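1. what follows is a predicted protein model with its sequence.
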Amino acid sequence: MVKQASEGKDLKKFAYFLPNTFTALNMGCGFFSIIFVQKGLFHQACMLLLLGSIFDSVDGRVARITGTESAFGEQFDSLSDVISFGIAPAFIIYNRFLFDHGRFGMVICFLFCLAGSLRLARFNANIDRVDPSYFQGLPIPAAAMALIGYCLLSLEFSFPFPQSYFTIPFVLIYAFLMISNIPFYSFKKSTWIKNHPKWMLLILILVFCLIFIYEQIMIFSVIITYTLLCLGNYGINLKK
């Protein structure tokens, strides 16, 4: 009996340790991404943040499955997200596009970090007050994917105009979307997904395969499509 009780305690400790491990891996991806940027390895830095987003999507689900959700895990996840989806993508954008703009470029990238931090703080404060079907403002991982998708796109294609003309408004728009009250669909309570799980699984597999093959184009395309669809839905509802 004593041995079984001891094993049960060990399993419980491991269950609490597991989701935080994924959160730590997400933070590690953000940290090492910054180091890769300093070496000029932008593609690798962006792919590390993509990997971090996968870890970030896993840790919460693991916590719910194992019944180990906690206030500590929520705060740890937010701190990790600030590094991986706030600081790291802003650092990538600054070094890739805005380095020659000096202090002005620094301020633009800082505003993205600030908006992301405010978005996370608001999420934690309102977690029990917001309809889980929607996010209040664009989630910071999605905004970060928009930035790294844009960076990967720039590595694949050359622009016919100075890139800063597009980069500055692009970064500011996504900073604004994070702190806005615009609802972004979360897919958590989608009746279509519940009624068509096989189709949803097929779509997800197809998207992941395309991202794996054409990451330079697909990450940017997926995030832009999601953003425009949510904004379009918001605009339609405003007119009703």
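-> That came in fine, so what should we check first? Every value quoted in this text rests on a predicted model; they were computed, and no experiment measured them.

2. against residue 104, how distant is the residue nearest the centre of the chain?
-> When CA atoms, centre = their mean is applied to the chain, the residue found nearest the centroid is residue 141 (1.1 Å). Distance, residue 141 to residue 104, by CB to CB, to the nearest Å: 27 Å. The way it works is simple: take the backbone N, C-alpha and C, and place the C-beta from them, glycine included.

3. now residue 205
-> With distances taken as CB to CB, residue 205 is found 43 Å from residue 104.

4. with residue 182 instead?
-> Distance of residue 182 to residue 104, computed by CB to CB: 27 Å.

5. of these two, which one has the most company?
-> residue 182 (19 against 12; other CB atoms under 10 Å).

6. which residue is the nearest non-sequential neighbour of that one?
-> What sits nearest to residue 182 in space, not counting adjacent residues and going by CB to CB, 6 or more residues apart in numbering, is residue 234, at 5.3 Å.

7. equivalent analysis for residue 36, please.
-> By the measure of CB to CB, 6+ apart, the closest residue to residue 36 outside its immediate chain neighbours is residue 45, 4.0 Å from it.

8. list the buried ones in the helix or strand where the one you found lies?
-> For residue 45, the host element (DSSP states H and E) is helix 42-66. For helix 42-66, the neighbour count (16 or more other CB atoms under 10 Å) marks 42, 45-53, 55-56, 58-60, 62-63 as buried.

9. and what of stretch 163-175?
-> Using 16+ other CB under 10 Å as the test for burial, stretch 163-175 gives 164, 167, 168, 170, 171, 174, 175.

10. mind giving me the packing neighbours of the helix or strand containing the second one?
-> Secondary structure from DSSP H and E places residue 167 in helix 164-179. Under the contact criterion of 3 or more CB pairs under 8 Å, 6 or more residues apart in numbering; DSSP states H and E, helix 164-179 touches helix 88-93, helix 102-125, helix 140-156.

11. mean confidence score for the shortest one?
-> Mean pLDDT, helix 88-93: 97.

12. between the helix or strand hosting residue 206 and helix 140-156, how many degrees?
-> Assessed by DSSP H and E, residue 206 sits inside helix 197-213. Interaxial angle of helix 197-213 relative to helix 140-156 (axes from the mean of the first three to the mean of the last three CA atoms, to 10 degrees): 40 degrees.
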